[in-house]
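S.K.: Here's my sequence, what's the structure:
(2 chains)
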Amino acid sequence: MIAHVEHILIYIFLNVKSLLQNFAENGMAVEEAGGDMIELTKKMCRRGGFAAFAALISLAIGSTASHAQTPDAEKEIERYREMISDPMSNPGFLAVDRGQVLWSEKRGAKNVSLETCDLGLGAGKLEGAYAKMPRYFADSDKVMEIEQRLLWCMEKIQGLDTKDVIARRFSAPGRDSDMEDLVAFIANKSTGFKIEPQTSHPKEAELTAIGEGMFYRRAGVMDFACATCHGEPGKRIRLQGLPDFSKPGKQAQETMGSWPTYRVSQSALRTMQHRLWDCFRQQRWPAPDYASDGITALVMFLNKQAAGGEITVPSIKR
Amino acid sequence: MKRIFFLTACATILSASGAFAQTAPPADSAKVEAMIKATFSKAPPEWQARIELDETQRLCTDRRNQVSAAEADAIQKRETASVVFPADGNFLGDWKKGYLVANVGTGGQFSDVPNGPVGGNCFACHQLDPKELSYGTIGPSLTAYGKDRKYDPQAMKDAWAKIYNSQSAFACSNMPRFGAKKFLTEAQIKDVMAYLFDKESPVNK
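M.R.: Take a look at the predicted model:
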């Protein structure tokens, strides 16, 4: 019980911290962050933990005041990340559990599970499959990333109308996402595997090159490309460090190896589909189509830069 | 009641502690453009139009910002032609309002509320007020900007042109063309200018 309370405190502490950072950044929609805070407050009220809440707030203020002033801020955040980065306390693992249930649940017109879905290594074989995605699938004659492939399996194997699944592609308070849960479950089966970009099929090589072209394309009212923020090492927006994807290496490996992730500021497990959707939002581009080939192309390119990176997911991030 | 108290507490804390804060050949650009079209096919037409490339964006994209000297000259010439200086000849507005323009990061995003605040988000990429610790590093530090230039009128004119259209000064600059793209108004640019050039601005303290 004590351990449980500690988890909640750390969790909320991180939430407060990340919310402060979000407000400072101004990049995140304030509405969204505000919603988080209300949820958080509700959680505390339900537990009647006013004293704990007050203590926590003072802790957050103290920490913010002292650490934001020093170069140790990142180190402190890293320490808390480590503290909650184990399966017993990372809420992302709840999504893994829900995904496992969804994977074996009989659904759709054919009333069968997804357990015969082939993610590239054979029907139902999950260990290491995510590490080799996106990849070319002969049955669809298409390069697919994980969410495209899952939608394909739902439609072809289960005979499931995916309209509702797509409507719930990104979770929100009171709205679970089957896709986020399934990706968490499947990607977790590649923890310990290395990212292996697929380029042997001509369509894989072609899509990777297109993804690279998209990465450097400057457009929109602010002339932003992906490369504007992710084209040089050691840059940051406000206090947020930016991984450099212009060349292969550690930053790309660590980034791609840690998605899907539990986003503390959003209280949700998020996948690459959401990450890139959010990048385009901040880029002042329109919202990209969900599970579109363009997103797959970008993931192909990003994974190429991240080749060999070890996967440890779901991770937990701000 | 409890909830209100908690929310108030949260709001206070939030306002009190601001600063928390290749080797394969490149793809055929026609294929990239086709993929872009397909990727944003469900966006409203006016949004799709926003990501069509103008001449400068096309060249900076194709060259990955590494343009030749001749190309750079052509871009800077073209972009300079779009710069509009203030009609009243007065470059400086209110530095306090300029701080807000520099600090606000909304505007132009598909998630923004209609007619919500639009800011230049200067702090995302630049250091300005040396006391503000939450600043980005994509652009150069601008601390003491006016002071270092001795509040020189020509420096003011140059800075106006850079904010209005960064590429009038640097071809394929990472910085948005705030005035030319009509992202910021003339009044907002004057206020940001004051934030950089007013002797009372924290930037010059």
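S.K.: Break down the chain into its helices, ranges please.
M.R.: With no chain named, the answer covers chain A. Listed in chain order, the helices of chain A (DSSP state H) span A:2-25, A:30-46, A:50-67, A:73-83, A:92-104, A:146-153, A:163-167, A:178-188, A:202-215, A:226-230, A:250-256, A:272-282, A:293-305.
S.K.: Oops, wrong one, chain B.
M.R.: Using DSSP H, the helices found in chain B span residues B:2-16, B:29-39, B:45-50, B:55-62, B:69-80, B:95-103, B:145-148, B:153-164, B:186-197.
S.K.: so where's the stretch 201-318 of chain A shaky on pLDDT?
M.R.: Across the stretch 201-318 of chain A, nothing is flagged by pLDDT under 70.
S.K.: didn't B:Ala124 look like it was pressed against B:Thr137?
M.R.: No - taking C-beta atoms under 8 Å as the contact criterion, B:Ala124 and B:Thr137 are not neighbours in contact, 10.0 Å apart. Using the backbone N, CA and C atoms, a C-beta is placed for each residue, glycine as well.
S.K.: More neighbours: which of those two?
M.R.: Between B:Ala124 and B:Thr137, counted using other C-beta atoms under 10 Å in any protein chain shown, the more crowded position is B:Ala124 (24 against 17).
S.K.: Now do the same for the more buried one: its pLDDT.
M.R.: We note a pLDDT of 98 for B:Ala124 in this prediction.
S.K.: Same check on B:Pro25?
M.R.: Here, the pLDDT recorded for B:Pro25 equals 75.
S.K.: excluding its backbone neighbours, what's nearest it?
M.R.: In this structure, B:Pro25 finds its nearest non-sequential neighbour in A:Ala209, 6.8 Å apart by C-beta to C-beta, 6 or more residues apart in numbering or on different chains.
S.K.: Please apply the same query to B:Phe91.
M.R.: Nearest to B:Phe91 is B:Met156, by C-beta to C-beta, 6+ apart, at 4.7 Å.
S.K.: How many residues are close by that neighbour?
M.R.: B:Met156 - counted by other C-beta under 10 Å - has 17 other residues nearby.
S.K.: Tell me which residues touch it, please.
M.R.: With contacts taken as C-beta atoms under 8 Å, 6 or more residues apart in numbering or on different chains, B:Met156 has the following neighbours: B:Phe91, B:Leu92, B:Met193, B:Phe197.
S.K.: any idea which of those is the one closest to chain A?
M.R.: Distance ranking of these against chain A, using C-beta to the nearest C-beta, places B:Met193 first at 19.3 Å.
S.K.: you'd agree the closest one is up against B:Gly98?
M.R.: Yes - with contact taken as C-beta under 8 Å, B:Met193 and B:Gly98 are classed as touching, separated by 7.0 Å.
S.K.: Which neighbours do the two have in common?
M.R.: Contacts common to B:Met193 and B:Gly98, judged by C-beta under 8 Å, 6+ apart, are absent.
S.K.: Considering the helices of chain B, which stretch scores lowest in mean pLDDT?
M.R.: Among these, helix B:2-16 has the lowest mean pLDDT, at a mean of 43.
S.K.: Can you tell me the closest non-neighbouring residue to B:Ile138?
M.R.: Excluding its sequence neighbours, the residue lying closest to B:Ile138 (C-beta to C-beta, 6+ apart) is B:Cys125, at 4.0 Å.
S.K.: thought that neighbour was touching B:Thr137?
M.R.: Yes - taking contact to mean C-beta under 8 Å, the distance of 7.4 Å between B:Cys125 and B:Thr137 places them in contact.
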